[in-house]
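S.K.: just need the structure, nothing else, for what follows:
(one chain, ligands or ions: 1)
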Amino acid sequence: MFDTADTGAKLTLDGVSSGYGPIAIIRDLSLSIRRGEIFALMGKNGMGKTTLLKTILGLVPARAGDIRLDDQSITGASPKALIRSGVGYAPQEQPLFTDLSIRDNLRLAVRSDRDLDTALDHVFTHFPFLRDRLAQKAGTLSGGEQKMLILSRALMLKPDLILIDEISEGLQPTVIAQIARALHAERDQSGTTILLVEQNLNFALEVADRWAVLKLGEIDDSGEAKPESRERVLEHLKI
Ligand SMILES: Nc1ncnc2c1ncn2[C@@H]1O[C@H](COP(=O)(O)OP(=O)(O)OP(=O)(O)O)[C@@H](O)[C@H]1O
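M.R.: Numbers count the residues shown, from 1 in each chain. This next block holds a predicted model:
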């Protein structure tokens, strides 16, 4: 069982700013996530949560500040280099190839057929239903099954750090519970660090160790994830 006590920082953001064209979205943001920690980033719509994940991944360039993975600066690194360094990403936008089979969607995440078998065995431990459905077209899966496939694809290479964007959106409680179990198992068995962007407060507080609320590109509040934190976070999410 992985113990998060006394572990160093897996991901560090130091005064990071980013945006689109002339528009500043992330503003001088600093954040440190410990190795093996599950961290939930919350906030109202349009506050910059997805932009922050994309900035970490190099999909949106950082205009200022430093982003570090362990002790290595990854500021300006390409998404491809980050994936090679053990970073996984489950994006919010539908990233599946709907006309391809489940197997082919998962095959895209690995380099060779040999790697595929090992990686498949790994994701089947979390989502056993995929084993019998490999030939099925991804587009014919239910919404919840598609989300589990998206997460599986991000887990294929056993990343050390995984960034997950609103995985629980639109899902029924049983599927959300299955995803929560998978995330805990991944962290407990492999020490994976998980950064979740979430709108679902109950899921976020149940699955995470710590949370932060993003407001207009800055961290507005943060704390330990406990049932007592609910009201405090809710205040930030009110319209
Ligand atoms: N490619 C882009 N070009 C210009 N502006 C963008 C682009 N992508 C996002 N934005 C703007 O950046 C701001 C932050 O968007 P972002 O998607 O990061 O927020 P969010 O907190 O993830 O929101 P949500 O919870 O609704 O997904 C929004 O005002 C959005 O319109």
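
S.K.: counting contacts, what elements does the top helix by length along the chain pack onto?
M.R.: Using DSSP state H, we find that the single longest helix of the chain is helix 173-190. With contacts defined as 3 or more CB pairs under 8 Å, 6 or more residues apart in numbering; DSSP states H and E, helix 173-190 has these neighbours: strand 38-42, helix 113-126, helix 143-155, strand 193-197, helix 201-207. Bear in mind the C-beta positions are built from the backbone N, C-alpha and C, glycine included.

S.K.: now that helix against strand 38-42, angle please.
M.R.: 140 degrees (axes from the mean of the first three to the mean of the last three CA atoms, to 10 degrees).

S.K.: oh, and call the first residue 20 from now on, that's how I've got it
M.R.: New numbering, starting at 20: the last item is helix 192-209.

S.K.: residues contacting Phe146?
M.R.: Residues in contact with Phe146 (CB atoms under 8 Å, 6 or more residues apart in numbering) are 167-168, 170-171, 197, 201.

S.K.: also Val35?
M.R.: With contact taken as CB under 8 Å, 6+ apart, Val35 is in contact with 45, 47-49, 74, 81, 83-86.

S.K.: who is it paired with across the strands?
M.R.: Assessed by DSSP bridges, Val35 has beta-bridge partners Leu48.

S.K.: ok, it to Ile44 distance?
M.R.: According to CB to CB, to the nearest Å, Val35 and Ile44 sit 11 Å apart.

S.K.: returning to that earlier point: as TSV, the helices and strands packed on helix 192-209 with mean neighbour count would be great.
M.R.: Listed next are the helices and strands packed on helix 192-209 as TSV, based on neighbours: other CB atoms under 10 Å:
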stretch	mean neighbour count
strand 57-61	26
helix 132-145	15
helix 162-174	21
strand 212-216	25
helix 220-226	19
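
S.K.: and of those, who's closest to Leu30?
M.R.: Checking those against Leu30 by CB to CB gives strand 212-216 as the closest, at 6.6 Å.

S.K.: list the strands paired with the closest one, with their directions.
M.R.: Under the criterion DSSP bridges, strand 212-216 sits next to strand 57-61 (parallel), strand 180-184 (parallel) in its sheet.

S.K.: who's Ile42 bridged to?
M.R.: With DSSP bridges as the rule, Ile42 is bridged to Tyr39.

S.K.: rewinding a little: list the ones among the contacts of Val35 that fall in helices.
M.R.: Using DSSP H, Thr74 are the members of the contacts of Val35 that sit in helices.

S.K.: I'd like the contacts of Val35 as JSON lines, with neighbour count and distance to the ligand appended.
M.R.: Listed next are those as JSON lines, based on neighbours: other CB atoms under 10 Å; distance: CB to the nearest ligand atom, whole Å:
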{"residue": "Ile45", "neighbour count": "27", "distance to the ligand": "8"}
{"residue": "Asp47", "neighbour count": "14", "distance to the ligand": "16"}
{"residue": "Leu48", "neighbour count": "23", "distance to the ligand": "12"}
{"residue": "Ser49", "neighbour count": "13", "distance to the ligand": "18"}
{"residue": "Thr74", "neighbour count": "25", "distance to the ligand": "9"}
{"residue": "Ala81", "neighbour count": "20", "distance to the ligand": "14"}
{"residue": "Ala83", "neighbour count": "15", "distance to the ligand": "17"}
{"residue": "Gly84", "neighbour count": "17", "distance to the ligand": "17"}
{"residue": "Asp85", "neighbour count": "15", "distance to the ligand": "20"}
{"residue": "Ile86", "neighbour count": "23", "distance to the ligand": "16"}
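
S.K.: nothing else from me, thank you.
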